[in-house]
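Here is my input; please provide its structure:
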Amino acid sequence: MNKVIINNLLDEEIKEIDIVEKVLLYAMDKEKLEDTTFALILVDDSYIHDLNKTYRGIDKKTDVITFALEDEKFVINGSGERILGDIYLSISQARSQAIEYGHSFLREISFLAVHGFYHLLGYDHMSREEEEIMFQKQEEVLMEYGISR
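The predicted model follows:
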């Protein structure tokens, strides 16, 4: 059974997060993952800024940061469960970007969460070819789940 562990470090409830969790579970099924878990951690700009500075050496806020546990499959306690890692998502940055891009907050946090998920699986966008593959996968998940721009 696949799991997304949601950890909200904010003092506010994010009502859209239930849908985002379902989108992520859909993406996991689409990628044919089984017994796989990762965490989605909701943070503010200050928190993600500190992560970006500490772990990436970039002294500014960002929208999403991932910490992947696997270069090879990581299994914990011999249970057979695959642990992908953590996705940190800045809710305030997502709100700003939703306004900037002219779409809903749900669309933005879903996009960022799915983007982080594909990073956990090893996808990247450092080259044009990699970017095309990753972004096509993201868009397919979002469109198939009914989350459009």
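
what stretches of this structure score poorly on pLDDT?
71-79 (pLDDT under 70).

On the three-state scheme, Ala94 is what?
helix (DSSP: H, G, I helix; E, B strand; the rest coil).

give the contact list for it.
Residues in contact with Ala94, defined by Cβ atoms under 8 Å, 6 or more residues apart in numbering, are 63, 105, 108-109, 112. All C-beta spots, glycine's among them, are computed from the backbone N, C-alpha and C.

hey, C-alpha coordinates of stretch 19-32 in PDB?
Listed next in PDB are the C-alpha coordinates belonging to stretch 19-32 (Å, rounded to 0.1, in the frame of the first residue of the first chain):
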ATOM      1  CA  ILE A  19      -6.900  16.500  -2.900                       C
ATOM      2  CA  VAL A  20      -3.100  16.900  -3.300                       C
ATOM      3  CA  GLU A  21      -2.600  13.700  -1.400                       C
ATOM      4  CA  LYS A  22      -5.000  11.900  -3.800                       C
ATOM      5  CA  VAL A  23      -3.200  13.400  -6.800                       C
ATOM      6  CA  LEU A  24       0.100  12.100  -5.400                       C
ATOM      7  CA  LEU A  25      -1.300   8.600  -4.700                       C
ATOM      8  CA  TYR A  26      -2.600   8.600  -8.300                       C
ATOM      9  CA  ALA A  27       0.900   9.500  -9.600                       C
ATOM     10  CA  MET A  28       2.400   6.700  -7.500                       C
ATOM     11  CA  ASP A  29      -0.100   4.200  -9.100                       C
ATOM     12  CA  LYS A  30       0.600   5.600 -12.500                       C
ATOM     13  CA  GLU A  31       4.300   4.900 -11.900                       C
ATOM     14  CA  LYS A  32       3.400   1.400 -10.800                       C
END
